[in-house]
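In: Any chance you can model this:
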Amino acid sequence: MTMLVPILGVLLVSTAFSTPTTRYLDPVVITGADVPSLLGCVECVHRLVAFSWTEGAWSQVPLQVDERHIQDYFNIKNGECRLYERNMKSLMYADAGTYSGVDEDDALDMDDEIVFMARFLGDKNTDLKNPEGVVKEIMEELEVLDPVSDSSLGFMYLFLSDGTLDQSAGSPLVEYVFNLTTTNANGSNDYFDVYNFGASLPSYSDYK
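Out: The predicted structure is shown next:
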């Protein structure tokens with residue numbers, strides 16, 4: 001089954017093909033809703049991998065899966081975060097290392113994001129052989145469309161790794177070290193020790 005997705009993740013239909021030479025820096029972002037066959041797959045969050053078909057051979061490319069959930073800003077701010085008599089909740093990225101917390105659904109769900117770069121798109125695979133290191137029962141073919149011209153930029157294939165492949169394909173595209181410079185009275189700069197900007201905020205009830 002082929003899923004047709006544009007650069008920004010809205011489903012469209014197109015049959016023309018062109019090489020993504022002008023989309024080198026563009027990410028392709030889709031959600032779990034765009035790949036319904038993968039919904040509910042717990043392993044997919046950490047073991048989903050991407051391959052392109054280029055010059056008659058499989059090539060693994062970097063992929064990122066981001067879990068998202070609805071969270072109350074009361075939890076994020078560590079205190080009241082309300083409009084008058086109105087709750088403030090939003091869809092946001094889940095992270096156990098922040099006040100956003102873990103995604104309550106540990107499987108790939110409809111609002112989780114799957115991201116890869118347009119420059120890694122390849123050709124349509126007419127070969128029936130799967131790449132090495134994947135679970136052969138799971139495969140999703142994606143055709144990516146240019147949202148401006150509606151022309152096809154190329155194809156990407158999603159598989160479930162058998163545990164021998166890394167999502168980054170050995171080449172992570174983003175690396176950073178999160179380091180807060182603020183410290184508390186004990187000298188700690190741990191996120192949960194110092195990222196507490198809501199403690200002195202007044203309650204929304206004070207504005208009644």
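
In: gap between the two ends of stretch 175-184?
Out: 27 Å (CA to CA, to the nearest Å).

In: Quick check: buried residues in that stretch?
Out: Using 16 or more other CB atoms under 10 Å as the test for burial, stretch 175-184 gives no buried residues. To be clear about C-beta, it is placed using only N, CA and C from the backbone, and glycine gets the same treatment.

In: which residues sit against it?
Out: Residues from elsewhere that reach stretch 175-184 (CB atoms under 8 Å, 6 or more residues apart in numbering): Gly97, Asn189, Asp190, Tyr191, Asp193, Val194, Tyr195.

In: Which residue in those residues has the weakest pLDDT?
Out: Note: of the contacts of stretch 175-184, the lowest pLDDT belongs to Tyr195, at 78.

In: For burial, what's the neighbour tally of the closest residue to Val42 other than its chain neighbours?
Out: Closest residue to Val42 apart from its sequence neighbours, by CB to CB, 6 or more residues apart in numbering: Ala107 at 4.4 Å. Other residues near Ala107 number 16, with proximity taken as other CB atoms under 10 Å.

In: that older thread, out of the contacts of stretch 175-184, flag the one nearest to Asp66.
Out: Using CB to CB, Gly97 comes nearest to Asp66 of these, at 13.7 Å.

In: In CSV, list the contacts of stretch 175-184 along with secondary structure.
Out: Below are the contacts of stretch 175-184 laid out as CSV (DSSP: H, G, I helix; E, B strand; the rest coil):
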residue, secondary structure
Gly97, coil
Asn189, coil
Asp190, coil
Tyr191, helix
Asp193, helix
Val194, helix
Tyr195, coil
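
In: List only those of the residues you listed flagged as buried.
Out: So, by 16+ other CB under 10 Å, none of those is buried.

In: which of those residues lies closest to Lys136?
Out: Gly97 (34.7 Å).

In: who's in contact with the closest one?
Out: Contacts of Gly97 by CB under 8 Å, 6+ apart are Phe178, Tyr191.

In: hmm, back to that, ok, the residue nearest to Val42 - contacts?
Out: Neighbours of Ala107 in contact, by CB under 8 Å, 6+ apart: Leu39, Gly40, Cys41, Val42, Cys44, Val45.

In: Brilliant, that's me finished.
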